[in-house]
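Q: coords please:
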Amino acid sequence: MKFDLQHKDSGSKARAGEISTDHGIIQTPIFMPVGTVGTVKAINQQQLKTDIKAQIILGNTYHLYLRPGTEVLQEAGGLHQFISWDKPILTDSGGYQVYSLAEKRKLTEEGAKFQSHIDGSRHLFTPENVMDIQRQIGADIIMAFDECPPYPSTYQYAEKSMHMTHRWLERCVNRFNETTGLYGYSQALFPILQGSTFRDLRIQSAEFVAKMDCPGNAIGGLSVGEPHDIMYELTELVCGILPENKPRYLMGVGTPENILECIALGVDMFDCVMPTRNARNGMLFTKEGIINIRNKKWEKEFSPVDELHLPQYSKAYLRHLFIAGEMLGPQLASLHNLSFYLWLVGEARKHIQNDTFSTWKPQMVQKLRNRL
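A: Numbering: from 1, shown residues only. Okay, here's the model as predicted:
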């Protein structure tokens, strides 16, 4: 994997670049649709390519390990072949899912013992076998195994967790270097820095991660309930430490406003389930603000939801689909929201390249806050 930093905005820390992988080029800043179990919910792969113009999607190690299982994926030739997707894929290590299973897991220095949320079966994730599993899945970018501390955390817990994440990272790097990809193309390992909401721990973790000299770096443990101003403060802090010549990935973020604010702080890569999850509940993101398509006010509104992404469908029709419980409603809403997210980061990239990002961003953020 190679990262080419092409332009920096003169009025902010926003950057435009390109990540080159064996499955194609990713233009940054980028939003990555989440395809947890080998599918972006309600969207097929052709729509991802042609309508949404996704350049990279996510899979999740925890979920793919449980089903269909790594044996199936390896026999298929990896996740790309299994889901018929020839562009880049990133896999999360499963650390966040293990974190969310607080009642069903036990953490030790060895790794994380957990019970499957599907059938209660018991499993163990270690830094070593998580690298092996991600080799079998075959994503272009794979993540180190980490612990995501909850918010709020005590300082003592956050510090202990961070040091264990660092020790796990060293084991991940060793295992990764001892092994090779299984399908004839290269994979890149990204570490994840932690430290909860404590500035000194975030600095320590960013410095530790930077010294590992991996092809890119991820910022974890944010967007887990902390106020947005703390997320922005810590993101800016660590982006000032992480190397400039490598992509920075802020995990699990977020709203369109969050994304623009964090692009301005120097982040290159984002993912979040919000565009599809909110779409299934009838919330649509547009360049003029947020629409709850279930509201009665749209019952006789025959203008399109957005002339950019769903020009042929009126607000009245989309509302009708949701009220009638038709599957097409969440499908069209998901298509719209993901298209909008990809359009938004594409516009941000253009403005960075034209040195107009710092004047465009505040105006856009103001519109994104509107409730229509």
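
Q: how much space between Ala324 and Asn292?
A: Applying C-beta to C-beta, to the nearest Å, the value for Ala324 to Asn292 is 17 Å. For every residue, glycine as well, the C-beta is placed using N, CA and C.

Q: Same question for Leu73.
A: Counting by C-beta to C-beta - Leu73 and Asn292 are separated by 39 Å.

Q: Next: Phe208.
A: For Phe208, the distance to Asn292 - C-beta to C-beta - is 44 Å.

Q: Among those two, which residue is more densely surrounded?
A: Phe208 (19 against 16; other C-beta atoms under 10 Å).

Q: Helix, strand, or coil at that one?
A: helix (DSSP: H, G, I helix; E, B strand; the rest coil).

Q: pretty sure it is touching Arg167, no?
A: No. Using C-beta atoms under 8 Å as the test, Phe208 is too far from Arg167 to be in contact (10.3 Å).

Q: Let me see the contact set for Arg135.
A: By C-beta atoms under 8 Å, 6 or more residues apart in numbering, Arg135 lies in contact with 142, 179-182, 187.

Q: So which bits of stretch 158-174 are buried?
A: The neighbour-count check on stretch 158-174 (16 or more other C-beta atoms under 10 Å) flags 158-159, 161-162, 164-166, 168-169, 171-173 as buried.

Q: pLDDT weak spots in the stretch 101-250 of the chain?
A: Within the stretch 101-250 of the chain, the stretches with pLDDT under 70 are 102.

Q: In it, mark out all the strands, start to finish.
A: Assigned by DSSP state E, counting those that start in this stretch, the stretch 101-250 of the chain shows strands spanning 105-107, 112-115, 122-125, 141-143, 188-190, 192-193, 217-219, 248-250.

Q: In JSON lines, list the ones you listed along with mean neighbour count.
A: Below are the strands of the stretch 101-250 of the chain laid out as JSON lines (neighbours: other C-beta atoms under 10 Å):
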{"stretch": "strand 105-107", "mean neighbour count": "14"}
{"stretch": "strand 112-115", "mean neighbour count": "19"}
{"stretch": "strand 122-125", "mean neighbour count": "16"}
{"stretch": "strand 141-143", "mean neighbour count": "27"}
{"stretch": "strand 188-190", "mean neighbour count": "22"}
{"stretch": "strand 192-193", "mean neighbour count": "28"}
{"stretch": "strand 217-219", "mean neighbour count": "26"}
{"stretch": "strand 248-250", "mean neighbour count": "26"}
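
Q: Turn these into a markdown table, including distance to Val305.
A: What follows is the strands of the stretch 101-250 of the chain, written out as a markdown table (distance: least, C-beta to C-beta, whole Å):
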| stretch | distance to Val305 |
| --- | --- |
| strand 105-107 | 41 |
| strand 112-115 | 41 |
| strand 122-125 | 41 |
| strand 141-143 | 33 |
| strand 188-190 | 35 |
| strand 192-193 | 36 |
| strand 217-219 | 33 |
| strand 248-250 | 28 |
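
Q: Quick one: residues contacting the residue positioned nearest the centre of the chain.
A: The centroid of the chain falls nearest to Asp271 when counting by C-alpha atoms, centre = their mean (2.0 Å). By C-beta under 8 Å, 6+ apart, the contact set of Asp271 is 31-34, 58, 90, 249, 251-253.

Q: Can I get the residues you listed in a markdown table including distance to Asp51?
A: Formatted as a markdown table, the contacts of Asp271 follow (distance: C-beta to C-beta, whole Å):
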| residue | distance to Asp51 |
| --- | --- |
| Phe31 | 15 |
| Met32 | 16 |
| Pro33 | 12 |
| Val34 | 17 |
| Leu58 | 18 |
| Leu90 | 21 |
| Tyr249 | 24 |
| Met251 | 26 |
| Gly252 | 24 |
| Val253 | 24 |
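
Q: list the contacts for Gly240?
A: Gly266.

Q: hmm, try it at 10 Å
A: Residues counted as contacts of Gly240 (C-beta atoms under 10 Å, 6 or more residues apart in numbering) are 13, 203, 206, 265-266.

Q: from these, which two are the most distant?
A: Using C-beta to C-beta, the two most remote members of the contacts of Gly240 are Lys13 and Ile203, lying 17.2 Å apart.

Q: since we're on Asp51, how many residues are nearby?
A: Neighbours around Asp51, by other C-beta under 10 Å: 17.

Q: All the helices of this protein, in order from the start?
A: Along the chain, the segments classed as helices by DSSP state H run 45-50, 61-66, 70-76, 79-83, 95-100, 127-137, 155-178, 199-211, 228-239, 256-263, 274-280, 315-323, 328-353, 357-368.

Q: Compare those and give me the one nearest Lys8.
A: When the helices of the chain are compared (using C-beta to C-beta), the closest one is helix 328-353, at 7.6 Å.

Q: Of the helices of the chain, which is nearest Met1?
A: Nearest to Met1, of those and by C-beta to C-beta, is helix 155-178 at 12.9 Å.

Q: so who does the residue nearest to Ala139 when sequence neighbours are not counted touch?
A: Nearest in space to Ala139, with sequence neighbours left out and distances taken as C-beta to C-beta, 6 or more residues apart in numbering, is Thr91 at 3.9 Å. Contacts for Thr91 (C-beta under 10 Å, 6+ apart) come out as 58-62, 64, 79, 130, 133-134, 137-143, 187.

Q: same thing but at 7 Å, please
A: Neighbouring residues of Thr91 by C-beta atoms under 7 Å, 6 or more residues apart in numbering: 59-61, 134, 137, 139, 142-143.

Q: Check Glu301 too.
A: 314-316.

Q: Give me the pLDDT for it.
A: On the pLDDT scale, Glu301 is placed at 97.

Q: do the one 3 residues further on as well
A: The score at Pro304 is 95. That number is its pLDDT.

Q: Met269 contacts Pro247, correct?
A: Yes. With contacts counted by C-beta atoms under 7 Å, Met269 reaches Pro247, the gap being 5.8 Å.
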